[in-house]
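Asks: no sequence on this one, just coordinates:
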């Protein structure tokens, strides 16, 4: 947990495995989605960290744009091989920060060849249309209005660049009041079944989730109406990138 | 069920409801509570503790900034108000947040007396909230010690 102004990384024992797809995970990284959160407010860092961990993300929280660049290795020219392979799937940053604003950080990230593909989400306590537009024009994926809620963070799952196993055949919405999902398992499929969402299991030979477990897992909680893609645990082996969706509206609820 | 536990639970429910009704807390507090679970049973207490630390620090900064003999740097005061507004908003401290909104306007207007008065109100308000929440946590502890479960309180 972040208790000082520096970097806080999630302890491995606290991470929940993502459990969906990840067949082509980069060797250096674990299966979890990795989010870099940037906020000068300690209270907000703790809250966003919790929100992200609940949605099964690994979180690194830093207190400034400079530390974010330092962590990513953007600010130094001699990026080590290790830093080159640093996997960050999403960057979420506060807008108003002393020193470097979230907007300036966004620009620097988009100028970086290593990280320009990483979706960047801006958070702000102020709902200023010109500010929102400016961030979107600069390439921000979304804009969340503070205080950030779990529903906002869950929506961000759609912006991940990590390849996720999405079955074209089983794509369907999960409305809140639909009957339990019936999984279709292709018995002739020889690819490894997906791992479960149990806290310490990253073993890919675990049995698939039952429909009840699917519904109650935080990863697959019902998406809002604007999402067309849904993550399933179908064992079909063609990974395709999650379609990145452009922002539709600020995170107003 | 133990009558004592039931009584404590009712007391707890009423207390929480009153905090919302009197405007001390808003739905962001509800949101924080929903993020707490058996795996992170002290999450709300931890966040609030950090929030109150923030209050002490920021109120101190503002007091110092307003205590300058000569020109007061209102933008400095405003920067601290902005931070306090942010963290109070993130924890659901409704009254504190409301005061910060007023305070911000007073800073922009460079209203010295207004700022000083508002700072005093902020000081009182966060300390009041801290005491109220301490009572709430104490009730939770009593319930658990009496063998009961802390009830989920439905605000609506």
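Replies: Ah, there it is. Keep in mind the model is a prediction, meaning the values are calculated, not measured.

Asks: which single residue in chain B comes nearest to chain A?
Replies: For chain B, the residue closest to chain A is residue B:87, as judged by CB to the nearest CB, at 4.1 Å. All C-beta spots, glycine's among them, are computed from the backbone N, C-alpha and C.

Asks: for that residue, give me its contacts.
Replies: Counting by CB atoms under 8 Å, 6 or more residues apart in numbering or on different chains, residue B:87 makes contact with A:41, A:43, A:44, B:51, B:54.

Asks: out of those, which is nearest to residue B:155?
Replies: Taking CB to CB as the measure, residue B:155 lies nearest residue B:51 of the contacts of residue B:87, at 19.8 Å.

Asks: so is the residue of chain B closest to chain A in a helix, a strand, or just coil?
Replies: Three-state assignment for residue B:87 (DSSP: H, G, I helix; E, B strand; the rest coil): helix.

Asks: picking up where we left off before, show me the contacts of residue B:87 that map onto helices.
Replies: The helices, defined by DSSP state H, take in A:43, A:44, B:51, B:54 from the contacts of residue B:87.

Asks: re the thing from before, and the contacts of residue B:87 as JSON lines, adding distance to residue B:129, pLDDT and neighbour count?
Replies: Converted to JSON lines, the contacts of residue B:87 look like this (distance: CB to CB, whole Å; pLDDT from 0 to 100; neighbours: other CB atoms under 10 Å in any protein chain shown):
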{"residue": "A:41", "distance to residue B:129": "18", "pLDDT": "96", "neighbour count": "23"}
{"residue": "A:43", "distance to residue B:129": "14", "pLDDT": "97", "neighbour count": "24"}
{"residue": "A:44", "distance to residue B:129": "18", "pLDDT": "97", "neighbour count": "26"}
{"residue": "B:51", "distance to residue B:129": "9", "pLDDT": "98", "neighbour count": "26"}
{"residue": "B:54", "distance to residue B:129": "13", "pLDDT": "96", "neighbour count": "21"}
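
Asks: which of those lies closest to residue A:122?
Replies: Comparing those against residue A:122 with CB to CB places residue A:44 closest, at 13.2 Å.

Asks: what sits against that closest one?
Replies: Residue A:44 sits next to A:94, A:123, A:146, A:148, B:86, B:87, B:90 when contact means CB under 8 Å, 6+ apart.

Asks: and residue A:144, that one's in a helix?
Replies: No: counting by three-state DSSP, one finds residue A:144 to be strand, located in no helix.

Asks: now the residue of chain A found nearest chain B: closest residue in space, sequence neighbours ignored.
Replies: Chain B sits closest to residue A:43 of chain A, with a gap of 4.1 Å, by CB to the nearest CB. Leaving aside its sequence neighbours, residue A:43 sits nearest to residue B:87 (CB to CB, 6 or more residues apart in numbering or on different chains; 4.1 Å).

Asks: cool, and residue B:146?
Replies: Residue B:146 sits nearest to residue B:5 (CB to CB, 6+ apart), 4.8 Å away.

Asks: check residue A:105 too.
Replies: Once flanking residues are discounted, residue A:105 sits nearest to residue A:65: 3.9 Å by CB to CB, 6+ apart.
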